[in-house]
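Student: A predicted structure for the sequence below; I have some questions about it.
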Amino acid sequence: MPIRAVLWDIDDTIFDYSGADRAGMREHLGREGLPEGCDSVEHALDVWKAVTDVQWARFAAGELDFQGQRRERVHAFLGRVLSDAEADEWFARHAAHYEAAWSLFPDTVPVLDRLAGSFRHAVLSNSSIHNQDRKLRTLGVRDRFEVVVCAVELGISKPAAGAFHAACEAMALDPRDVVYVGDEPDIDAAGATAAGLRGIWLDRTGRGGRPELVRITALDQLPGLLVGDTRFGAPDTFR
């Protein structure tokens, strides 16, 4: 069955979330100072990433709401309990620096251009529609996607099959007609595959492994997969 649509992850797939987050936090720490227990900016940035990973996983599991995970990130990072208002204000100051650093990966627009006439496009994100729709508009690519489906409003997060199916239903397509591209091997590629889509792991950092997954290391390898080119390890089902 031919692929009719590409369903995209956003953060660290088409948008350089990690780069913007680190650049924004570096600027933020220059104004706020280092948290207790961190002896350098680089140390603090690593702690922030680890805290973010833990609290985001709690959000994806339904333990926290979207605003709650932000507050918990602040509490854990600073090592002290703040009021909700104080945590929100601290995060908002960080967010201003983070948003100033937003950028697409250099290969994003060229690949969207190459695929535009042949495939439909949509987004499935484990974030909120408020954040992701605004992000896509700010970056100038919102009109490239028919629909944007997000976990906060949907009430289901990747890798649950229901999240992938909801995005397919929004396009009125069978999951077998859709390929999902994302930077996480389990949440994105394996989750999509288990849900009946064709999952592709975008391994930009070259982690490697996971031979059971279809893996690319840059988006310029994607068009070849979608037209049946098996040079990058695509199974025959991509034809």
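Tutor: Structure's in. What do you need?
Student: so Arg210 sits right up against Trp201, yeah?
Tutor: Yes. Under the criterion of C-beta atoms under 8 Å, Arg210 makes contact with Trp201 at 6.7 Å. Just so you know, the C-beta spots here come from the backbone N, C-alpha and C atoms, and that holds for glycine as well.
Student: More neighbours: those two, which one.
Tutor: Neighbour count, other C-beta atoms under 10 Å: between Arg210 and Trp201, Trp201 has more, with 24 against 14.
Student: contacting residues around the nearest residue to Gly196 once chain neighbours are set aside?
Tutor: Spatial nearest neighbour of Gly196, excluding adjacent residues (C-beta to C-beta, 6 or more residues apart in numbering): Pro175 at 3.8 Å. Going by C-beta atoms under 8 Å, 6 or more residues apart in numbering, Pro175 touches 164-165, 168, 195-197.
Student: Check Leu29 too.
Tutor: Contacts of Leu29 by C-beta under 8 Å, 6+ apart are 41, 44-45.
Student: Tell me which helix or strand it sits in.
Tutor: helix 17-32 (DSSP states H and E).
Student: how about that helix: buried residues?
Tutor: Neighbour counts over helix 17-32 (16 or more other C-beta atoms under 10 Å) mark 17, 20-29 as buried.
Student: With stretch 86-94 instead?
Tutor: For stretch 86-94, by 16+ other C-beta under 10 Å, it's 87-88, 90-91, 94.
Student: Return the subset of these lying in helices.
Tutor: Mapping the buried residues of stretch 86-94 onto helices (DSSP state H) picks out 87-88, 90-91, 94.
Student: State the pLDDT value of the nearest residue to Ala218 once chain neighbours are set aside.
Tutor: Closest residue to Ala218 apart from its sequence neighbours, by C-beta to C-beta, 6+ apart: Asp107 at 5.7 Å. For Asp107, the model assigns a pLDDT of 98.
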